[in-house]
Every structure is written in structure tokens, then in C-alpha cells.
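Asker: Sequence and predicted structure are below.
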Amino acid sequence: MTSIELRDVQKFFGAVQVIKDMNLKIADGEFIVLLGQSGCGKTTTLRAIAGLETIDRGDILIDGQPVQNLKCSDRDIAMVFQSFSLYPHMTVFENIAFPLRATRMSKADTDNRVREIAKVLRINDLLDKRPSALSGGDMQRVAIGRALVRRPKAMLMDEPIGALDAKLREEMRAEIKRLHVKQGSTTIYVTHDQIEAMSLADRIVIMHEGRLQQVGSPTEVYARPSNLFVAQFVGSPVMNIAPAEVKSSKDSAEVGLGGGQNFGFPSALISQLDAARSRSGQLALGIRPEGVLVSREEKKGYLPVEIHLIEPLGSYDIVDLKVGEQLLRARTRSGYVERTGDKVYARIDPEQTHFFDTASGNSLGVRL
Amino acid sequence: MAAVTTSTERSLNRLAIVGVLIVTMIFLAPIYWIASTAFKPRNLSTTIPPTVVFTPEVSPFVKLFTKRSQLRTPPTPEEYAAAPWWERMVFDGGEKVVRDGKGNVQWSGYPSRFMNSLIVAIVSTILAVGMGTLTAYGFSRFKVKGEGDLLFFILSTRMLPPVVVAIPMFLMYRAVGLNDTHLGLIILYTAFNLSFSVWLMKGFMDEIPKEYEEAALVDGYTRMQAFFKVVLPEAATGIAATAVFCFITAWNEYAFALIMTNRRAQTAPPFIPSQVGSGLPDWTVIAAGTLLFLLPVAIFTFLLRNHLLRGVTFGAIRK
Ligand SMILES: Nc1ncnc2c1ncn2[C@@H]1O[C@H](COP(=O)(O)OP(=O)(O)OP(=O)(O)O)[C@@H](O)[C@H]1O
Ligand SMILES: [Mg+2]
């Protein structure tokens, strides 16, 4: 039963603030993924929780107890490092047994524990090898084994599969998920790969320049990004963002994109959009490629657009549409549009449309 | 490397091998000279041109280890027949082995000087490498105020030839009674080697990723335990290399040993040439002493060869 809480955590390196007002509550057994670009402070946050880094202000609580004055050896937290940092002078067995040796566990018990965890991770054949003789995936398994063998209160993983090739990464992702379901230990997992984050997390924590941007389940973060950064960071291909001009009359609303191309929006949005417009000057419209509907035939509510670029991606195509001056990326069935330069018709699905305040970047919360 | 070598490359390779062999022979020539002289009969040791073919004998080594004096009268046939084989060799050279009142053979000065060399070199190497390793670890892992200045200061102790301070050192040593003591030489050699050891070990320590210790810290070890269980084994290569260099420096040191010691704590380097002495020197004995003196360094280096050859860190950290 382990919960972790960060309260107003601040961390400076010299004059540079690396963690800014971090507030986060992690429930027991939760799988939290810290997602953010390189250099945004993910590793530093993990190291602060592990006790490898002091914090300048705020509290870190484990099970309700402030721990910022505890040494890392007393926090009972395991960590898998960005580099696996397996000890080259020890065999795989000794590497996994290393944390148990610190607890003066009996030899027989140590042996049992190591073999048990090795079996779960399917590395029982490798126990006598040296780390240098292992493949990347096996090194990663050993590193996880070393972290899990002690049955720690919580498990911190810093981009554990970042260096593996794509196929192995997918495999290990599934394996980590399986392990988490089996062991149920509170886990904080760091990555800059959003697909990894989406597939693993109970909740995703998105960081940018040391600040929390949004905390929520993968669907929440995907469907309701709280600001422009999250909107553009989560989801692939990236969400379209375009400056929007909202014109509303009594019973219909139109949103102008790319200088004069007006897409119709249902009247239910009118009042919300009016309110939003009065709060801020400039609006930005966000729409994911799958929210841009494309038709080869003329349809009601569809505007004529020109195809600028086609990227075939196998199971679907990404098509760049020229809407006035603006380019919109749309997702179509593969092969649905044939040639660049063709005329097609497009519509923006109001249900998948987001509106952001351009100045602050925050979502206006205007949704159908 | 190209899998297919052209004939030019092959002949170049051969040429390189010949070159290496010639250089090696030039370097090994003095050692061959010493080794061959150490097994020569005395009368062949100074011939011109040098004698290359001879029947090797061990009499130089017997003479090296025993205290001898000139024979005024040759031994009687009974005396000669009763003497063990090694004593006859001394008789053959016109000398006799000195015995004490109870008839025990007296050792020459060489074994005790050799022991002194061993004691001083080993202890000072352990001290210099031990302290150097700890200091280097501190500099490598912690924020030390004025780190650059301190490291420069440590290095600056090497910036003048040590002999320059020999006279003041001698006076100070005499004042505190460290003259002609093992402790005195050990302190001196440790101080010489320390700066070298700190700098060398700092390089090796910096090479060890700090994630290793951090992993150990998170796994429930104290920093001290992490140092001994993780850092030291990882630093073994560096420690071995540093130890070999410190040992060689201490083992070969001549000037201070000559000035600071004369009997009790005298090491082999000043002792061996002192045997040239007056009168006709016996070069075979000196060569035998020198040859034995070369052995410890060779053995030490040989024992540590795996560590010296191994890469610094390899394997399990991905960068
Ligand atoms: N010991 C340190 N001293 C000074 N600055 C540091 C230190 N450690 C990290 N930083 C800085 O703090 C910022 C955050 O680093 P951090 O390692 O937490 O990023 P990250 O999100 O883990 O990035 P990545 O995805 O590349 O691992 C970076 O700008 C980095 O340069
Ligand atoms: Mg990182």
C-alpha cells in the first residue's frame, strides 16, 4: 500500500529552475507515466522522489510521511535507470541479488527470490552470464528484476526501453504492463514517447519545462487537452492548430480558417463561443487529423479544398489539404485520394474540435 | 580492416615487424648484458670484445648473498673438500666466506637491502594508491570548493625535480629523527606518488558512471558500502595501473634513498653501486644484484597484466 505525493515541489540547478510548483498525488498501485520532451525535468523528478536529488522547496510524501530528509536507502523505492547500470563485474544473478544482500537476507532466501523473479522475467537461463554478454532487451529485464526483487514500496522507471529497437520496445511494453498487473506495485514511468505513455498509463502526467501541464487518463489527455502544448504533444500525427475567426448569427455559427474559408458549426456552440470570444481576443482552433472529414463528392457543409500532399502510412493516409492559406492534415482511408492537386471536399467535425486562447494557450473548454 | 591485403600492404607489414624487432632488441640489449654478466665467471666479465659464449655459473649469486673476505693463504685440500659446493666457488675466486664464532655463514648486505626496498615500495604504494583513490573519488563525485585550484596545487608538487628539496628534507629528517628509517622513506615516496595517483585515479573515477553508485544507493546501500562494493571493483583496472606506476617509482628511486639512508633502511638502488667500491669491482656480483632487483617489478606487472590490459569500463551502461 503505497501512495506518493508531491506538494509544491521546486528544484533549482544553480539559477535554473528545473521543477516548478509540482503537485501530484499518486494512488496505491497506480501506473503513472511522466511524459514530456527531452530536458523537461522528468529524470530530475524521479531522482527527487528516489532521494538522489534534494529539492529546494515543498514536500515529497510516501504513504503520507514526508521523506525529503530520508536517505534514498531508507525510502524503500526501486529505480530502473535511463542507462540500465548493471554492474559489469557481477553476473546477472549477483546483479539481481545485490539489493537483497543489503538487507542481509539468508543465502537460501536470496537464491529463491532471485530465481523466482528471473522466472517471471524469463531470464533464468542467463543468471550466470555477465551483463556485457546480454542483448538490450535482456539487460532491461535484468534491470527490472533488480528493481523488483526487493519488493519495494514503489518502482521508478526512467525511459527503461528508450534505447531498444522498435519491435523490442513493443514487446517490452507489453511485458511491463503484464508485470504491473501481476505485481500491482505503484509505478512511475518516465518516457518521451507518447505511444508508450498511452499504452501503459493509468494516468499520464504531461510535463513541459518543469511544469505540470495536465494529469489525466490517456483518453482524457487525448480527447480533452487542457492547453495547446498538450494538444500538440499528445497524438500522432499532430493535431492541426489554426488561427480561427468565429462569426455567429442568430442560429448558426461559422469558423473561418485560412482567410475566408468558413466552416459551419452547429448553433449549440454559439453561446459558448460568444462567451469565449469575449474573454480573449484571438482564438485558435484545434482539430486532429481524424476530425477532418474528407469526401470526394460534394456534400452539404463540405468546402472544396485542394490536396497538397499525400503521406501513405499503410493502414491509413495522411493528407495535407490546402484550406485558403492554411494547411490541414486529414486522415483518410488508404488510397482514398489519389493525386496531389486534386479537388476534394472537407468538413471539420464539430464534435472533435477544440478551441484555445492563443495568448495563454489554455483550452477554452468549448465542446459540443 | 580490409579483408583482402594487397602485396604492398603485406611487405609493409613485414617491414614494420622487422622495425619493431630491431627496436625491441635495442631496448633489451642492456637487460641481456646484465643477465649474461650475472652468470659469467669473473675473468670473462670484462673481456673486450665481450664474451658471448661461456659456461654459465651461479657463483656471482653465491657471492652476492654471502659476506666474503680475501684469502691470504689458499685453503688446505681438506678444507676445500669439506666445504659445500657453493663455498668452493668462493674459494675458487680467491676469497672465503666469513663465519661468526659459532660457524654460521654471514649474509652480505644485499638481502636486507632488498627487503628494505620491498617494504618501502610496497607500503608507500599501498598508501599512495589508497589515499589517491579516496581523494580522486571525492573530487570526482562531490562538489568541492575550489576543486580546480586544489587539483592544480596537488599537481604542482610535481613541478620541480624532487632532488631540489633534498637538502632541506635531509635537514628536517635529521631534526625529527626520520633519517635512515623505513618510515622516513615511506613518507617521502608516498608524497612523491600521491599527486600522480590522485590525477590518474581521478581520470579513472570520472570514467565510472555515477549511476552505478546511485543504483546501489537506491538499492539500500550506504555511500560507503556503494564505494567498496561497486566503485572499487569497477576501478580495479585504474588501481592496478596506478599501483604499477607508483611501485616502479618507489622501487627505482635513487637520489633520496642515497641521501636519507645509509644502513638500517638503505634500499637496493644506492647499495648496489656502493659495492663497486674500491679496488677491482666484481661486475658479476653487481650484475647478479641488478638482475634480482629487476625481478619484482617484472613479477608485479605480470601479475596485474589482465587488469592493465582490460578496458576501463565496458558492457552494461548504455550511453
Ligand atoms: N546535475 C545537474 N546540474 C545542472 N543541470 C542539470 C542537472 N541535471 C539536470 N539538469 C538540467 O535540468 C533539466 C532537466 O533535466 P532532466 O534530466 O530531468 O530532463 P529529462 O526530462 O529527464 O530529459 P531526457 O528526456 O533527455 O532524459 C535539463 O535542462 C538539464 O540540463
Ligand atoms: Mg531523463
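Answerer: Great, that's in hand. Ligands and ions are numbered 1, 2, ... in the order given.

Asker: Spell out which parts of the stretch 101-250 of chain B neighbour chain A.
Answerer: B:209, B:211-212, B:214-222, B:225, B:229-230, B:233-234, B:236 (CB under 8 Å from any CB of the partner chain). Any C-beta I mention is one placed from the backbone N, CA and C, and that applies to glycine too.

Asker: Which ones among those residues map onto strands?
Answerer: Of these, none are assigned to strands by DSSP state E.

Asker: For chain B, which segments are assigned as strands?
Answerer: Using DSSP E, strands in chain B cover B:68-70, B:95-97.

Asker: just checking, residue B:291 touches residue B:35?
Answerer: Yes. Contact criterion CB atoms under 8 Å: residue B:291 and residue B:35 qualify, at 5.7 Å.

Asker: who's more crowded, those two?
Answerer: residue B:291 (19 against 16; other CB atoms under 10 Å in any protein chain shown).

Asker: Tell me how far that one lies from chain A.
Answerer: Here residue B:291 is placed at a distance of 37 Å from chain A (CB to the nearest CB, to the nearest Å).

Asker: for the chain, which spans come out with low pLDDT?
Answerer: You didn't say which chain, so I picked chain A. Scanning chain A for pLDDT under 70 picks out A:1, A:249-251, A:260, A:270, A:277-280.

Asker: try again with chain B
Answerer: Using pLDDT under 70, chain B drops low at B:1-5, B:276-279, B:309-319.

Asker: okay, now the domains of it?
Answerer: Following automatic domain parsing, one gets these domains for chain B: B:7-37, B:110-309.

Asker: still on that earlier bit, quick check: which of the strands of chain B has the most neighbours on average?
Answerer: strand B:95-97 (a mean of 19; mean count of other CB atoms under 10 Å in any protein chain shown).

Asker: Which elements pack onto that strand?
Answerer: With contacts defined as 3 or more CB pairs under 8 Å, 6 or more residues apart in numbering or on different chains; DSSP states H and E, the packing partners of strand B:95-97 are strand B:68-70, helix B:85-92.

Asker: can the ones you listed go into a markdown table with extra columns for distance to ligand 1?
Answerer: What follows is the helices and strands packed on strand B:95-97, written out as a markdown table (distance: least, CB to the nearest ligand atom, whole Å):
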| stretch | distance to ligand 1 |
| --- | --- |
| strand B:68-70 | 69 |
| helix B:85-92 | 68 |
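
Asker: if we can go back for a sec, I'd like the strands of chain B as a markdown table, with distance to residue A:74 appended.
Answerer: Formatted as a markdown table, these follow (distance: least, CB to CB, whole Å):
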| stretch | distance to residue A:74 |
| --- | --- |
| strand B:68-70 | 70 |
| strand B:95-97 | 70 |
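
Asker: gap between the closest residue in space to residue B:166 that isn't next to it in sequence and residue B:122?
Answerer: Counting by CB to CB, 6 or more residues apart in numbering or on different chains, residue B:166 lies nearest to residue B:259, which is 5.4 Å off, once chain neighbours are set aside. Distance, residue B:259 to residue B:122, by CB to CB, to the nearest Å: 22 Å.

Asker: Using the record's assignment, carve chain A into domains.
Answerer: If you go by automatic domain parsing, chain A breaks into A:4-225, A:240-357.

Asker: is chain B contacted by the first one?
Answerer: Yes. Judged by CB under 8 Å from any CB, domain A:4-225 comes into contact with chain B through A:50-52, A:71-73, A:76-79, A:81-89, A:98-99, A:102-103, A:130-132, A:134, A:136, A:139, A:146, A:150, A:163.

Asker: of those residues, buried ones?
Answerer: Among the residues of domain A:4-225 next to chain B, those classed as buried by 16 or more other CB atoms under 10 Å in any protein chain shown are A:50-52, A:72-73, A:76-79, A:81-89, A:98-99, A:102, A:130-131, A:134, A:136, A:139, A:146, A:150, A:163.

Asker: Just give me the neighbour total for residue 190.
Answerer: All of this is about chain A. Counted with other CB under 10 Å, residue A:190 comes out at 25.

Asker: wrong one, I was asking about chain B
Answerer: Residues near residue B:190, counting by other CB under 10 Å: 23.

Asker: quick one, helices of the stretch 51-200 of chain B?
Answerer: Listed in chain order, the helices of the stretch 51-200 of chain B (DSSP state H, counting those that start in this stretch) span residues B:59-65, B:77-82, B:85-92, B:110-141, B:147-156, B:166-176, B:182-207.

Asker: What of chain A?
Answerer: Assigned by DSSP state H, the helices in chain A fall at A:42-50, A:92-101, A:107-120, A:136-148, A:166-183, A:194-200, A:218-223, A:228-233, A:270-279.

Asker: so which of those gets nearest residue B:204?
Answerer: Residue B:204 sits nearest to helix A:92-101 of all these, at 21.9 Å, using CB to CB.

Asker: Pull the number of nearby residues for residue A:9.
Answerer: Residues lying near residue A:9 (other CB under 10 Å) number 22.

Asker: hang on, it packs against residue A:19?
Answerer: Yes. Between residue A:9 and residue A:19 there is a contact at 5.6 Å, judged by CB under 8 Å.

Asker: who touches both of those two?
Answerer: A:45, A:48, A:55 (CB atoms under 8 Å, 6 or more residues apart in numbering or on different chains).

Asker: By neighbour count, which of those residues wins?
Answerer: Of those, with other CB under 10 Å as the count, residue A:45 tops at 30 neighbours.

Asker: Residue A:190 versus that one, what's the distance?
Answerer: Distance, residue A:45 to residue A:190, using CB to CB: 8 Å.

Asker: Between the two, which contacts overlap?
Answerer: Counting by CB under 8 Å, 6+ apart, the residues touching both residue A:45 and residue A:190 are residue A:34.

Asker: Kindly provide the distance from residue B:215 to residue B:170.
Answerer: 51 Å.

Asker: got it, and residue B:38?
Answerer: 33 Å.

Asker: between those two, who's got more neighbours?
Answerer: Taking neighbours as other CB under 10 Å, residue B:38 and residue B:170 compare with residue B:38 leading, 23 against 15.

Asker: got a list of what the more buried one touches?
Answerer: Contacts of residue B:38 by CB under 8 Å, 6+ apart are B:60, B:61, B:284, B:287, B:288, B:290, B:291.

Asker: do that again at 7 Å, thanks
Answerer: Contacts for residue B:38 were tallied using CB atoms under 7 Å, 6 or more residues apart in numbering or on different chains; they are B:60, B:284, B:287, B:288, B:291.

Asker: The first one contacts residue B:290, correct?
Answerer: No. With contacts defined as CB atoms under 7 Å, residue B:60 does not count as touching residue B:290, sitting 10.5 Å away.
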